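Enquirer: sequence first, predicted coordinates after that:
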Amino acid sequence: DAMVIQNPRYQVTQFGKPVTLSCSQTLNHNVMYWYQQKSSQAPKLLFHYYDKDFNNEADTPDNFQSRRPNTSFCFLDIRSPGLGDAAMYLCATSREGRSYEQYFGPGTRLTVT
Amino acid sequence: AQSVTQPDIHITVSEGASLELRCNYSYGATPYLFWYVQSPGQGLQLLLKYFSGDTLVQGIKGFEAEFKRSQSSFNLRKPSVHWSDAAEYFCAVGATGGSYIPTFGRGTSLIVHP
């Protein structure tokens, strides 16, 4: 089945130690998103790619970076995680012309110790 | 810019009872509207969507929603709730003439009592 896959599902990192979360998709969608979701809150968009064009939200901290080496893969890099970065990170995709319907991965739960 | 309000943070129902989750949006034209469900520790799954046409839309898992332009609402309903429906529900709105990035409501947590 076509899907959005996130690895790992659970990630524990130390304060200040860089961490990378990965997302892959078999849907061949041209738009990929990264969201941060904290407990009992709506997902907060960090950035998205429209094809290779990177779009950063204005309030996304510089500590968060992203890479999209090809259509199928997208990475979220947190350069120096703080305790406040502990959250669920959701990857989503959508296809241009499909009216913003998004397909989400299962998420990566990040713990910062 | 569009916005969406889910006025209920928590809703508690008994198993077998009917359910209605409220969603109100703000947008100058007819928007795209979505309901997503998120089970604990999982990603979001699309329940249903409204783009145009029939204002009553059917979704997965027995859910339906009705678009009411006069009330700027898109409430989610289910006639008989199952314990497995306990989850977080998010309404989202997309602007038909602008950014393709949907805006999410803050979510409603559904608690189902046996």
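Expert: Sure thing, it's come through. Numbering: from 1, shown residues only, chains lettered A, B, ... in the order given.

Enquirer: near chain A, which residues of chain B?
Expert: Within chain B, the positions near chain A by CB under 8 Å from any CB of the partner chain are B:32, B:34, B:36, B:41-46, B:49, B:51, B:88, B:90, B:94, B:96, B:100-102, B:104-107, B:109. Placement of C-beta: from N, CA and C, glycine included.

Enquirer: buried ones only from the residues you listed, please, as a PyMOL command.
Expert: This is the PyMOL syntax for the buried subset of the residues of chain B next to chain A, where burial follows 16 or more other CB atoms under 10 Å in any protein chain shown:
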select buried, chain B and resi 32+34+36+42+43+44+45+46+49+51+88+90+94+96+100+101+102+104+105+107
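
Enquirer: narrow the residues of chain B next to chain A to those in helices?
Expert: If you go by DSSP state H, those have nothing in helices.

Enquirer: so of the residues of chain B next to chain A, which ones are in strands?
Expert: Per DSSP state E, strands hold the following members of these: B:Tyr32, B:Phe34, B:Tyr36, B:Leu44, B:Gln45, B:Leu46, B:Lys49, B:Glu88, B:Phe90, B:Gly94, B:Phe104, B:Ser109.

Enquirer: now tabulate those in a markdown table and tack on distance to A:Pro81.
Expert: As requested, those are exported to a markdown table (distance: CB to CB, whole Å):
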| residue | distance to A:Pro81 |
| --- | --- |
| B:Tyr32 | 35 |
| B:Phe34 | 31 |
| B:Tyr36 | 27 |
| B:Leu44 | 24 |
| B:Gln45 | 28 |
| B:Leu46 | 30 |
| B:Lys49 | 35 |
| B:Glu88 | 25 |
| B:Phe90 | 26 |
| B:Gly94 | 31 |
| B:Phe104 | 24 |
| B:Ser109 | 27 |
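
Enquirer: low-confidence ranges, chain A, go.
Expert: Counting by pLDDT under 70, the ranges of chain A that qualify are A:1-2, A:97-100.

Enquirer: grab the nearest non-local neighbour of the spatially most central residue of it.
Expert: When CA atoms, centre = their mean is applied to chain A, the residue found nearest the centroid is A:Trp34 (3.0 Å). Spatially, and ignoring its direct neighbours in sequence, A:Trp34 is nearest to A:Leu46 (4.6 Å; CB to CB, 6 or more residues apart in numbering or on different chains).

Enquirer: other SSEs contacting the helix or strand hosting that neighbour?
Expert: Using DSSP states H and E, A:Leu46 maps to strand A:44-50. Applying 3 or more CB pairs under 8 Å, 6 or more residues apart in numbering or on different chains; DSSP states H and E, one finds that strand A:44-50 contacts strand A:31-37, strand A:53-56, strand A:64-67.

Enquirer: how about the ones you listed in CSV, adding distance to A:Gln14?
Expert: Shown next, in CSV, are the helices and strands packed on strand A:44-50 (distance: least, CB to CB, whole Å):
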stretch, distance to A:Gln14
strand A:31-37, 19
strand A:53-56, 26
strand A:64-67, 17
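
Enquirer: tell me which of those strands is the most buried.
Expert: strand A:31-37 (a mean of 23; mean count of other CB atoms under 10 Å in any protein chain shown).

Enquirer: and what about B:Ser70, helix, strand or coil?
Expert: Per DSSP: H, G, I helix; E, B strand; the rest coil, the local secondary structure of B:Ser70 is helix.
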